[in-house]
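Participant: got a predicted structure here, sequence first:
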Amino acid sequence: MVASAYAARIAHRAADFGVTIEGRVSVDMKRVKARKDEISGQSRTGLESNLDSLKNCTVYRGHARFESPREISVGETRLAADKTFINVGGRARIPDMPGIDQVKYLTNSSMMHVDFLPRHLLVVGASYIGLEFAQMFRRFGSEVTVAEMSSRLISREDEDVSRR
Ligand SMILES: Cc1cc2nc3c(=O)[nH]c(=O)nc-3n(C[C@H](O)[C@H](O)[C@H](O)COP(=O)(O)OP(=O)(O)OC[C@H]3O[C@@H](n4cnc5c(N)ncnc54)[C@H](O)[C@@H]3O)c2cc1C
């Protein structure tokens, strides 16, 4: 998606490079998403077949849940182990903003399923992913507004030092 947004940006700026584009530059978000899905799908399929053929490694496909401190079930299968490594990833934290329960909103993961161009995208949280999507959708053609509660953007990074 970043690459598609970059292509849109360069196409819009083609004249700066001495390149003439006849007609209007437009972005087909369905094709942008399809391209992204194809690339990530290939990566996923490759990893899956690699794991499936790995000696002494068994992949169970399904939702795992604890049945007891040392037992897990995945569908009909029960698995037992002395030690379990829980690696279920992180979920977006939905801030307790007044009225948020009354509107439709996207998170960092549901954003990946967007196949249309929002007229106006409001990004709450200006760290890596928020800003990445802000830049991307601006390049695709959305109007973008970013809200950040810290005094500066990407506050985990070092502060810029102004040179005299
Ligand atoms: C939009 C976006 C862009 C990002 N860009 C970058 C980047 O450019 N560079 C970078 O380094 N990082 C990036 N990240 C962060 C990166 O994706 C995460 O840090 C990484 O995926 C974390 O890996 P993980 O294995 O801990 O968790 P995840 O990738 O979240 O994997 C957890 C897996 O566990 C599965 N699972 C959850 N519960 C269960 C259950 N009960 N039973 C079975 N399975 C379960 C989930 O379905 C998922 O497949 C990005 C993240 C997002 C959302």
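Facilitator: Yep, that arrived.

Participant: secondary structure class for Arg152?
Facilitator: Three-state secondary structure (criterion: DSSP: H, G, I helix; E, B strand; the rest coil) places Arg152 in coil.

Participant: close to the ligand: what parts of the chain are there?
Facilitator: Remark: the part of the chain in contact with the ligand comprises His63, Ala64, Asn87, Val88, Gly89, Asn108, Ser109, Met112, Ile129, using Cβ under 6 Å from any ligand atom. In short, each C-beta sits where N, CA and C put it, glycine included.

Participant: which residues touch the closest residue to the last one other than its chain neighbours?
Facilitator: Read that as Ile129. Counting by Cβ to Cβ, 6 or more residues apart in numbering, Ile129 lies nearest to Asn108, which is 5.0 Å off, once chain neighbours are set aside. When contacts are counted by Cβ atoms under 8 Å, 6 or more residues apart in numbering, Asn108 touches Ala92, Ile129, Phe133.

Participant: where's the closest residue to the ligand within the chain, which helix or strand?
Facilitator: Closest residue of the chain to the ligand, Cβ to the nearest ligand atom: Gly89 (2.1 Å). Assignment of secondary structure by DSSP states H and E places Gly89 within no helix or strand.

Participant: next, it: phi, psi?
Facilitator: With angles defined as degrees, to the nearest 10, Gly89 shows backbone torsions of phi 80, psi -170.

Participant: can you point me to the longest helix in this structure?
Facilitator: Criterion DSSP state H: the longest helix present in the chain is helix 29-52.

Participant: returning to what we had before: farthest-separated two in the residues of the chain next to the ligand?
Facilitator: The span of the residues of the chain next to the ligand, defined through Cβ to Cβ, is set by Ala64 and Ile129 at 26.4 Å.

Participant: picking that back up, now the residue of the chain closest to the ligand: how far from Asn108?
Facilitator: From Gly89 over to Asn108 the distance is 11 Å, taken as Cβ to Cβ, to the nearest Å.

Participant: same check on Val59?
Facilitator: Val59 sits at a distance of 26 Å from Asn108 (criterion: Cβ to Cβ).
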